[in-house]
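Visitor: sequence first, predicted coordinates after that:
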Amino acid sequence: MTEIHTPRLLLRRWHEGDVPFLAEINADPRAMRWVGDGSVIDADTTAEEIERWEEEWDEEGFGLFAVELLGSGELIGFTGLSVAEFFPDVVPDVAIGWRLGPQFWGQGYASEAAHATLEFALQDRGIDRVVAVIRAGDKASENVARKLGMAPERETDHPAYGVPLTVHAIDLTEYQA
């Protein structure tokens, strides 16, 4: 089983018991504001997402990690890697993403988890380029991407929702652990 420990977090594969906790995050309009069309996601859809993420782990050797606090074991959200096949503008690049419950914002958890994930991608999985697709105006996610050493590369629109996006990128030659 793939696990990554950071000073404050455990990044791990998903458990069936994670659904209610992630569903609570996905039901919060603040957490979903910058995702897709901004709509919240119900528990059934959350369970389907986790199932798809686990399938990607099995097929690709990477995926989205559940992120929990080391001290309490509380699930605070996710970070990880995906092949964004629904988004042809970035294929074949691997995308990094994150979503945390609002009560965990502003504490550096997203940056800590994303940094560990980027290191996993570039050093452990041998992926030589990673992108982050960020909705225009999402300053918090832009800040995380900047902390990872990613630079804005191009602007595009979401293929399904038409909202403006910025693709940030980094490759192995630019990465500094």
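Guide: Cool, got the structure. Numbering: from 1, shown residues only.

Visitor: longest helix of this structure?
Guide: helix 43-60 (DSSP state H).

Visitor: buried ones in that one?
Guide: Along helix 43-60, these residues count as buried under the neighbour rule (16 or more other C-beta atoms under 10 Å): 46-47, 49-50, 53, 56-57. Every C-beta, even on glycine, is put in place using the N, C-alpha and C of the backbone.

Visitor: and for stretch 145-155?
Guide: Of the residues in stretch 145-155, 145, 148, 150 count as buried by neighbour count, 16+ other C-beta under 10 Å.

Visitor: nearest to residue 116, of these?
Guide: residue 148 (10.5 Å; C-beta to C-beta).

Visitor: now stretch 122-134: mean pLDDT?
Guide: Across stretch 122-134, pLDDT averages out at 92.

Visitor: so, low pLDDT: which residues of the protein?
Guide: By pLDDT under 70, the low-scoring segments of the chain are 1, 175-177.

Visitor: strands of that one, residue ranges please.
Guide: In the chain, the segments counted as strands under DSSP state E are 4-5, 9-12, 64-69, 75-83, 94-100, 129-135, 151-157, 164-171.

Visitor: and the residue most central in space within the chain, what is it in contact with?
Guide: Nearest to the mean C-alpha position of the chain, counting by C-alpha atoms, centre = their mean, stands residue 97 at 2.2 Å. Residues in contact with residue 97 (C-beta atoms under 8 Å, 6 or more residues apart in numbering) are 64, 78-82, 132-133.

Visitor: recalculate using a threshold of 7 Å.
Guide: Residue 97 is in contact with 79-80, 82, 132, counting by C-beta atoms under 7 Å, 6 or more residues apart in numbering.

Visitor: now neighbour count and distance to residue 72 too, for those, in a markdown table please.
Guide: Listed next are the contacts of residue 97 as a markdown table, based on neighbours: other C-beta atoms under 10 Å; distance: C-beta to C-beta, whole Å:
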| residue | neighbour count | distance to residue 72 |
| --- | --- | --- |
| 79 | 29 | 18 |
| 80 | 23 | 21 |
| 82 | 18 | 27 |
| 132 | 26 | 28 |
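
Visitor: return the member of these nearest to residue 159.
Guide: residue 82 (15.1 Å).

Visitor: from residue 120, how far off is the closest one?
Guide: 13 Å (C-beta to C-beta, to the nearest Å).

Visitor: could you list every helix and strand that the longest helix of the chain packs against?
Guide: Helix 43-60 sits against helix 19-26, with contacts defined as 3 or more C-beta pairs under 7 Å, 6 or more residues apart in numbering; DSSP states H and E.
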